[in-house]
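Asks: Sequence below, structure please.
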Amino acid sequence: QVQLVESGGGLVQPGGSLRLSCAASGFSFSTSLMSWVRQAPGKGPEWVASINFSGAATIFSDSVKGRFNVSRDNAEKTLSLQMNSLRPENTALYYCARGGWGTVPARSYWGQGTQVTVSS
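Replies: This next block holds a predicted model:
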């Protein structure tokens with residue numbers, strides 16, 4: 001079955017950076033679109049970014065465009081999210097997910113999440 005394990009979250013000051021990673025197994029990673037989704041306390045899930053099979057194409061939500069970057073390593077079956085210029089409103093549980101292209105994938109295709117807290 002789909003297994004996705006995120007890491008790299010933590011506490012960071014506003015304006016800081018974090019890099020999230022996701023290790024994938026149990027499915028054909030290199031032929032899967034991949035996405036990042038986040039969920040802030042008391043809010044519904046929000047799509048953040050998606051990347052195509054090769055990594056040549058990426059899309060981002062307007063709220064993170066220009067500050068976040070998504071990449072993948074198909075040989076290592078890993079997905080990454082580089083987050084720069086972080087803001088308090090970026091505080092959320094961040095999930096790696098299989099599938100999606102500008103939309104939130106089905107919940108069964110998410111990992112367990114990693115917490116990102118942006119606070120001074």
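
Asks: Show the average pLDDT along stretch 92-104.
Replies: Stretch 92-104 shows a mean pLDDT of 97 in the predicted model.

Asks: now swap in stretch 31-49 and tell me
Replies: Computed over stretch 31-49, the average pLDDT equals 97.

Asks: gap between that stretch and the chain center?
Replies: 7 Å (CA atoms, centre = their mean, to the nearest Å).

Asks: can you tell me how far the most centrally placed residue in the chain sits from Ser54?
Replies: Closest to where the C-alpha atoms of the chain average out (CA atoms, centre = their mean) is Trp36, at 2.8 Å. Per CB to CB, to the nearest Å, Trp36 is found 17 Å from Ser54. (Glycine included, C-beta is placed from N, CA and C.)

Asks: now Ala24
Replies: Counting by CB to CB, the gap from Ala24 to Ser54 is 15 Å.
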